[in-house]
Structure formats: structure tokens, C-alpha cells
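**Student:** no sequence on this one, just coordinates:
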């Protein structure tokens with residue numbers, strides 16, 4: 001170690017003194033700016049030279065090479081508010097201010113060197129928030145040619161020109177200490193109007209922010225996308241419903257339908273009136289569907305008033321077509337389930353006879369109408385429901401004979417006697433009686449099989465002590481639909497199935513094929529009770545308590561009272 005008045009310094013780092021040898025042994029052969037240790041947190045350079053940092057590789061001084069003292073500095077170009085000294089004769093390129101931080105003086109290649117040419121260094125990024133201390137000026141050094149007769153300052157100035165500067169070699173990636181990483185994790189917010197910080201530390205901060213914000217933004221974008229998709233789907237669904245309601249076709253069934261149902265078209269009915277009757281009976285899905293089909297068919301104006309046998313869930317076009325075919329000519333339609341007295345009235349109306357004419361003929365000429373012996377002279381159940389052609393001059397007895405003949409033939413084809421034994425009945429005639437009750441009780445042919453099972457279970461199981469307990473049989477006897485509790489309990493006729501076991505003595509209507517076939521083949525089940533709430537809904541129950549709840553709903557729907565003890569409506 002030596003001490004030449006410059007303080008205690010490590011060997012090999014003191015300032016060059018006149019008379020010291022240069023690279024070739026001559027004094028002043030090397031003019032190198034001293035290297036100073038960089039403060040880890042961006043402070044200014046220390047006033048005492050230190051060994052170069054490992055993260056910023058520099059050329060190691062060669063044998064005999066001594067660092068030269070720094071000349072008195074001048075204000076550095078492009079710096080704001082800092083008096084960083086600068087070597088005279090080395091014009092520095094102006095630099096943009098980076099958030100008010102000073103830039104470290106770059107180094108330039110020396111001329112000439114027998115050793116390897118030293119590359120310039122990239123400016124060291126400074127940590128924001130710490131002010132750099134100005135460099136301590138070295139002792140003044142006279143300018144001009146050195147002892148070797150070469151003006152090295154002039155040579156360096158020539159090399160400092162932009163066209164003569166060598167390409168910059170990127171330094172190796174710097175190593176960051178743990179405390180430096182922590183210091184960079186929470187950077188201060190950048191000024192919106194400030195200049196862009198191009199340092200590597202600032203770029204690292206922006207990348208870290210991008211990673212964090214990218215994760216947050218991806219979740220936010222997903223939520224926004226789902227909200228937008230939900231809104232689009234909801235708007236599309238609402239738009240579709242709005243279009244269907246205002247511009248789309250009306251709701252309609254497809255096909256010719258199933259089962260059978262009787263409807264009555266009253267005189268002077270128009271398309272809308274017919275449509276409401278058919279919708280209430282479960283024939284068409286909407287009134288508008290029927291009206292549209294009615295307007296499309298030019299023959300629809302020929303539909304006549306009367307009773308028609310249609311099907312459940314028919315399209316509007318199919319319903320209009322069947323109505324036209326049924327009433328396109330002079331014909332009489334006898335609906336299923338009508339009583340003999342109702343059929344007599346239809347014949348009188350079609351033949352333009354006085355009311356009661358056909359009933360009188362049926363009573364007077366019953367023996368000549370062709371009834372089978374097991375009918376015992378009672379025409380009820382033998383006025384077969386179907387379509388009958390009407391010719392000019394036809395008499396009531398002519399129509400009655402056709403109806404009895406059709407019924408007798410049809411019952412023989414169904415072999416009612418053989419079928420009676422399978423369901424616990426005595427004869428084919430009892431099958432006809434049971435089917436007539438089923439036809440009167442049921443509203444929908446789809447439920448006929450279950451209703452047939454209820455009738456069979458009541459007759460053949462102790463659930464009701466063999467009593468049918470059905471309103472239709474007593475209504476048939478009374479000739480009206482309403483009766484009192486006293487009449488129910490006090491009427492002693494054989495048609496009162498609340499007090500009498502078994503079937504009534506005769507049919508109570510003229511059943512159709514669906515009812516007869518269902519009675520011959522009941523649906524398996526333990527049901528004992530049922531109530532028809534509407535043409536489309538019939539409820540079945542195994543216990544009386546469940547049945548009373550269904551009856552109460554039926555009474556409420558019809559705005560009637562309910563007798564809890566009797567399990568029936570109060571009108």
C-alpha cells in the first residue's frame with residue numbers, strides 16, 4: 001500500500017501521477033475514467049473508488065495500467081436539477097429525464113490499447129426516491145499532449161462522435177438481491193403525464209404488474225362475458241316469445257288426434273264460437289288455430305248445427321275437415337253417451353217433427369224395432385251412436401230401426417257374453433249396462449280403462465260393500481243432474497247405487513265402442529275412487545280420505561260448497 005496524499009487506498013487504485021509508466025512503459029499511455037461502486041439502492045456514486053461489481057463486468061486493469069483521475073466536471077447535458085460533473089472534451093449525448101433520476105456517466109473505448117478494447121457500459125438504473133450524490137472531482141489535470149506527445153483528449157473526443165462509436169454489447173443479466181426484489185414489488189404509481197421510464201427496473205415492474213393484472217383481468221373478462229352471453233340469450237328468448245305471440249302461428253296440435261269426444265255446435269255458430277267449444281272439449285289446442293283453419297277451408301260454411309263425434313288433440317285443419325265431412329250433407333249424428341230421450345229430440349229436429357213425436361213412436365212400436373230378447377223391451381243402450389243419412393220423407397221409426405240394428409250387430413261382433421265372464425259379470429247385457437255408466441262418468445276416453453277398473457273393483461271387492469255409489473245412475477232416475485243428500489239416502493229405486501248393490505237394471509246411456517272395449521279390458525290397478533275435474537284431468541284414489549280431497553277441489557273449481565262428512569259438493 002502507498003500513501004501519496006490521496007488518503008489510504010487499495011493498491012492499484014490510486015490516481016495516476018506524472019511520471020507513472022503507461023501501457024508501454026511510457027507515462028500517460030492510458031486515460032481511463034475511474035470506476036466507482038454503484039449504490040445498491042440507486043444512490044449517487046461514492047467519493048472513494050472501489051472494486052467493480054460482479055453484476056456489471058468490466059475489464060480488469062492490465063499490468064501497469066493505472067486509472068486516471070477525473071477532470072473537473074461540467075453540468076451534464078439533459079439532466080434536470082443535478083450537477084453531475086462530466087469529463088471536459090467528452091460531449092455527452094443528451095438523455096431524456098427518467099422521472100427525475102440522474103444517469104450514470106457511460107464509458108467509451110480507449111485509444112489505442114495493446115490490451116483488449118474496453119466496451120462501454122449501459123447506464124445503471126437508479127432506484128426512484130434516492131438522490132444521487134455528485135462525484136467528488138479529482139485533482140485538476142493539465143490538458144494537452146501527454147509525455148508521449150499525443151493529445152489523448154482530442155483523440156477521445158473524435159472517438160466520441162456518433163459515427164465512430166462502437167456497437168454496444170448487452171451486459172449479462174444482473175443479479176437482484178432479495179431486498180431489491182422486495183423493494184420493487186410495490187413500486188410507486190407512475191405519473192400519467194410523466195416521461196416513460198425505459199430502465200430495466202421499470203420494465204420489470206411493468207411486467208410484474210402485467211402478470212398480476214392479467215390474472216385479475218382474465219377473471220373479470222370471464223364474468224363480463226358470461227353476463228353478456230346471459231343477456232343475449234335472455235333477449236333472444238324474449239324476442240322469440242314476442243314474435244311467436246304477435247307474429248307466429250297460433251298454438252296447434254298435429255295429426256288427426258286420438259280417442260273420441262262429443263261436441264255440440266249450436267245454431268248460428270261462427271268460427272270463433274265453434275273454436276271455443278272445441279278447445280273446452282280438448283279437441284283443439286287454441287281457438288285461433290281452429291279459426292285459421294276454418295278461414296282457409298271454403299267448405300267450412302257448410303258446417304251445420306248438431307252433435308259431432310271428434311277426437312282429442314286434433315290439429316285445427318283436421319277438426320274442420322271432420323266437421324265438414326260429418327255435416328256436409330243431410331245427415332244426423334248421434335253422439336256417444338246420449339240417453340234415449342235426447343236421441344228422440346235429435347230425430348224430431350232433423351225430420352222437422354213436433355217435439356215428442358219420436359218418443360211416442362218408440363214406445364208404441366218397441367216390439368217391431370228389432371230389439372234382442374235380453375233387452376226386455378227397453379230400447380236404452382241400443383240407439384247406436386253414429387252418423388245416419390237422412391232422405392226425403394224418412395219417418396222416425398226408420399231411423400230407430402237402423403239404430404237398433406247397428407247396435408245389435410256391433411255387440412255380437414264384440415262377443416259381450418264371453419267378455420262378461422272375464423270381468424266377473426253375468427252376461428253381455430251387464431257389460432252394456434256397465435259401459436253405459438262408464439260412458440256417462442268419463443270425460444276423456446284416455447281414462448276409460450281406469451274408470452272401468454274402479455267400477456269392477458267396487459262391484460267385486462269389499463271396499464264399498466259392492467255398491468257403485470255413483471251420481472250418474474241416480475241422476476238418470478231423477479231426470480236431472482242435481483239432487484240432495486236426502487234424495488241420495490232416501491231414494492229406494494234400483495237406479496240409486498248409493499243404497500243398492502250391483503248394477504242398475506238397464507243401461508243409462510248409449511255407449512260407444514271406446515267405452516265398451518274399455519269395460520271388457522280394464523286397466524290393472526287398486527283404484528276405488530275417481531273424480532273428473534275437467535275433460536283433460538281425472539283423478540284416481542285408493543282411499544276415501546284422498547278421494548275427499550279431490551272432490552273438494554272439484555267443488556271449489558265449480559264454486560260450490562263441500563260437505564266434509566259426506567264427501568260431496570253442496571250446491
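**Tutor:** Structure's in. What do you need? Predicted model only: the values in this text are computed from it and were never measured. Numbering: from 1, shown residues only.
**Student:** alpha carbons only for contacts and neighbour counts from here, please
**Tutor:** Will do.
**Student:** now do the domain split for the protein, please.
**Tutor:** As recorded under automatic domain parsing, the domains making up the chain are 16-183, 424-570.
**Student:** least reliable of these going by mean pLDDT?
**Tutor:** Mean pLDDT values for the domains of the chain show the minimum at domain 16-183, a mean of 47.
**Student:** can you pull out the strands in the chain?
**Tutor:** Shown for the chain, the strands assigned by DSSP state E span residues 258-265, 306-312, 331-333, 387-389, 529-534, 537-541, 561-563, 568-570.
**Student:** nearest to residue 437, of the ones you listed?
**Tutor:** strand 529-534 (13.5 Å; CA to CA).
**Student:** that closest one versus strand 537-541: what angle between them?
**Tutor:** 160 degrees (axes from the mean of the first three to the mean of the last three CA atoms, to 10 degrees).
**Student:** strand 529-534 pairs with which strands, and in what direction?
**Tutor:** strand 537-541 (antiparallel) (DSSP bridges).
**Student:** residues of the strand it pairs with that come out buried?
**Tutor:** Buried residues in strand 537-541, defined by neighbour count with 16 or more other CA atoms under 10 Å: 538-541.
**Student:** stretch 316-326 now?
**Tutor:** 316-324, 326.
**Student:** cool, stretch 521-536 as well?
**Tutor:** Those would be 521-523, 527-535, for stretch 521-536 by 16+ other CA under 10 Å.
**Student:** nearest to residue 343 among the buried residues of strand 537-541?
**Tutor:** The closest of these to residue 343 turns out to be residue 538 (CA to CA; 27.2 Å).
**Student:** so what's the residue lying closest to that closest one once chain neighbours are set aside up against?
**Tutor:** Counting by CA to CA, 6 or more residues apart in numbering, the nearest residue to residue 538 once its immediate chain neighbours are dropped is residue 532, at 4.2 Å. Taking CA atoms under 8 Å, 6 or more residues apart in numbering as the contact definition, residue 532 lies against 441-443, 538-539, 554.
**Student:** mind putting these into CSV with distance to residue 510?
**Tutor:** CSV is the format used below for the contacts of residue 532 (distance: CA to CA, whole Å):
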residue, distance to residue 510
441, 13
442, 13
443, 15
538, 22
539, 24
554, 26
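**Student:** which one of those residues sits closest to residue 368?
**Tutor:** residue 441 (31.5 Å).
**Student:** the closest one contacts residue 472, correct?
**Tutor:** Yes: assessed by CA atoms under 8 Å, residue 441 is found in contact with residue 472 at 6.8 Å.
**Student:** related to what we said a few turns ago, distance to residue 466 added to the buried residues of strand 537-541, as TSV?
**Tutor:** Converted to TSV, those look like this (distance: CA to CA, whole Å):
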residue	distance to residue 466
538	23
539	21
540	18
541	17
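**Student:** give the rounded mean pLDDT of stretch 363-374.
**Tutor:** On average, stretch 363-374 scores 95.
**Student:** scratch that, stretch 316-326
**Tutor:** Here the average pLDDT along stretch 316-326 is 90.
**Student:** which residue packs closest to residue 524, ignoring adjacent ones?
**Tutor:** With sequence-adjacent residues excluded and distances taken as CA to CA, 6+ apart, residue 524 is closest to residue 453, at 6.8 Å.
**Student:** can you tell me the closest non-neighbouring residue to residue 440?
**Tutor:** residue 337 (5.8 Å).
**Student:** for the one you found, what are phi and psi?
**Tutor:** With angles defined as degrees, to the nearest 10, residue 337 sits at phi 80, psi 0.
**Student:** ok, it to residue 445 distance?
**Tutor:** Per CA to CA, to the nearest Å, residue 337 is found 12 Å from residue 445.
**Student:** quick one: contacts for residue 261?
**Tutor:** Counting by CA under 8 Å, 6+ apart, residue 261 touches 281, 283, 309-312, 336, 443-445.
**Student:** which parts of stretch 415-427 are buried?
**Tutor:** Buried, per 16+ other CA under 10 Å, within stretch 415-427: 416-417, 419-420, 423, 425.
**Student:** what does stretch 457-471 give?
**Tutor:** 457-460, 463-464, 466-471.
**Student:** stretch 417-430 spans what distance, first to last residue?
**Tutor:** End-to-end distance for stretch 417-430: 9 Å, by CA to CA.
**Student:** residues in contact with that stretch?
**Tutor:** With contact meaning CA under 8 Å, 6+ apart, stretch 417-430 is reached by 374-375, 415-416, 431, 456, 460, 503, 520.
**Student:** tell me the two of those residues that are most distant?
**Tutor:** 375 and 460 (24.1 Å).
**Student:** how close does residue 363 sit to residue 394?
**Tutor:** Computed as CA to CA, the residue 363 to residue 394 distance reads 19 Å.
**Student:** wait, residue 287 sits on residue 280?
**Tutor:** No: Residue 287 is beyond contact range of residue 280, at 9.5 Å (criterion: CA under 8 Å).
**Student:** more neighbours, those two?
**Tutor:** A direct count of neighbours by other CA atoms under 10 Å for residue 287 and residue 280 places residue 287 higher, at 22 against 16.
**Student:** chain neighbours aside, what residue packs nearest to that one?
**Tutor:** Spatial nearest neighbour of residue 287, chain neighbours left out: residue 275 (4.6 Å); criterion: CA to CA, 6+ apart.
**Student:** now the helices for the stretch 451-571 of the chain?
**Tutor:** 471-478, 485-490, 513-520, 544-557 (DSSP state H, counting those that start in this stretch).
**Student:** elements contacting the first one?
**Tutor:** What that stands for is helix 471-478. Packing partners of helix 471-478 (3 or more CA pairs under 8 Å, 6 or more residues apart in numbering; DSSP states H and E): helix 428-441.
**Student:** so what's the residue count around residue 568?
**Tutor:** Residue 568: 17 neighbours (other CA under 10 Å).
**Student:** report the separation between it and residue 484.
**Tutor:** 10 Å.
**Student:** distance to residue 261 for the buried residues of stretch 521-536 - can I get that in TSV?
**Tutor:** Conversion of the buried residues of stretch 521-536 to TSV gives the following (distance: CA to CA, whole Å):
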residue	distance to residue 261
521	20
522	20
523	20
527	24
528	25
529	23
530	19
531	18
532	15
533	16
534	13
535	9
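**Student:** now, which of these sits nearest residue 387?
**Tutor:** Using CA to CA, residue 535 comes nearest to residue 387 of the buried residues of stretch 521-536, at 23.3 Å.
**Student:** quick check: closest non-adjacent residue to that closest one.
**Tutor:** Leaving aside its chain neighbours, residue 535 sits nearest to residue 443 (4.9 Å; criterion: CA to CA, 6+ apart).
**Student:** list the contacts of the one you found.
**Tutor:** When contacts are counted by CA under 8 Å, 6+ apart, residue 443 touches 261, 532, 534-536.
**Student:** can you pick out the most distant pair from these?
**Tutor:** In the contacts of residue 443, two members sit farther apart than any others by CA to CA. They are 261 and 532, at 14.6 Å.
**Student:** what's the burial count for the spatially closest residue to residue 562 that is not a sequence neighbour?
**Tutor:** Excluding its sequence neighbours, the residue lying closest to residue 562 (CA to CA, 6+ apart) is residue 569, at 4.4 Å. A total of 21 residues lie near residue 569 under the criterion other CA under 10 Å.
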